[in-house]
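# sequence below, structure please.
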Amino acid sequence: MEFASWTRDEQKSRLKAWNAKAAKQLQATCQPRCPDTMRTGSAEAIPAYLNNDAVEIAPKVADAPLTSVAAIQASYKSRSKSDEAKRVAHVKRMSTYQSWERRRREGMHRGGRERHEDAARVDADPTENASAPPDAIRALPSNDTDNNGGIWFRNLSYAAITHDPASKQHVLGQMRAALVQGDVVHLETDAEATGDALSDSRLLLQQLTIACLLFCDRTQDLVPRTQGTTVSMTLVPKTRS
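Numbers count the residues shown, from 1 in each chain. Now for the predicted structure:
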């Protein structure tokens with residue numbers, strides 16, 4: 001693909017040089033080996049016969065040279081597509097690809113069967129524990145409301161929320177509802193009380209903040225504040241910005 005990396009002026013100059021060289025070579029091959037005195041015209045040429053019938057011999061026509069950049073690029077593209085198709089066919093014939101394809105189909109079939117069994121198990125008793133919240137949600141501390149209308153979420157456990165997506169969605173739903181109503185949301189977590197690492201507590205508050213950015217004032221400070229083992233964060237709704 002060296003030709004494709006050249007500039008257009010270089011490609012044109014190379015094409016002119018190649019066409020001139022091809023014309024010289026074609027003229028040299030078409031010249032007869034006999035002297036000029038022994039040359040004969042087409043009318044004097046001895047015709048060829050097959051079964052006493054004159055046979056017209058068609059002259060061999062050389063392929064037209066590629067005289068444009070677009071034609072050469074199209075030729076390269078066609079050749080690359082053909083080579084790619086050959087490589088794909090070769091890979092599909094290999095035993096490694098066939099074994100991988102077999103394992104993939106078995107995994108898809110197994111996954112579909114498991115999803116069907118789970119759906120059947122849920123449909124068997126849809127009212128079982130329908131009103132009972134998950135254990136992680138019950139373990140979360142209840143939010144408090146201060147006198148100024150702000151809502152506090154204290155000591156959120158990183159382990160409980162990370163390992164139970166339902167509890168995370170429960171907390172996010174309460175936070176978003178408060179922000180939509182125009183209430184300020186305060187997040188405060190004591191890493192020593194929750195048993196989490198300080199970095200995990202900061203990460204949890206950052207994740208909750210990013211998930212609620214649509215309802216917050218983005219000009220506020222979005223970096224959690226750390227004081228000892230306590231990490232805190234305040235989210236101001238858009239209506240108060």
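# for the closest residue to Thr234 other than its chain neighbours, give the beta-bridge partners.
Spatially, and ignoring its direct neighbours in sequence, Thr234 is nearest to His186 (5.4 Å; CB to CB, 6 or more residues apart in numbering). The way it works is simple: take the backbone N, C-alpha and C, and place the C-beta from them, glycine included. Beta-bridge pairing of His186 under DSSP bridges involves Trp152, Thr234.
# okay, now Thr230: neighbour count?
17 (other CB atoms under 10 Å).
# just Asp190 next, same as before
Number of residues near Asp190 (other CB under 10 Å) recorded here: 17.
# tell me the phi and psi of it?
Per-residue torsions, Asp190: phi -100, psi 110 (degrees, to the nearest 10).
# pLDDT below threshold where in the chain?
Residues of the chain that meet the criterion pLDDT under 70 lie in 1, 3, 28-67, 111-149, 239-241.
# what residues are up against Lys238?
Contacts for Lys238 (CB atoms under 8 Å, 6 or more residues apart in numbering) come out as Leu179, Phe215, Cys216, Asp217.
# the residue nearest to Thr234 contacts Gly150, doesn't it?
Yes. When contacts are counted by CB atoms under 8 Å, His186 is listed as touching Gly150 (5.5 Å).
# from Asp83, how far off is Ala89?
Taking CB to CB, to the nearest Å as the measure, Ala89 falls 11 Å from Asp83.
# again, but for Val223
Distance from Val223 to Asp83, counting by CB to CB: 53 Å.
# tell me the contacts of Phe215?
Phe215 makes contact with Arg176, Leu179, Val180, Pro237, Lys238, according to CB under 8 Å, 6+ apart.
# would you mark the buried spots in the helix or strand hosting the second one?
With the criterion set as DSSP states H and E, the secondary-structure element containing Leu179 is helix 165-180. By neighbour count, with 16 or more other CB atoms under 10 Å as the criterion, the buried positions of helix 165-180 are Ser167, Lys168, His170, Val171, Gln174, Met175, Arg176, Ala178, Leu179.
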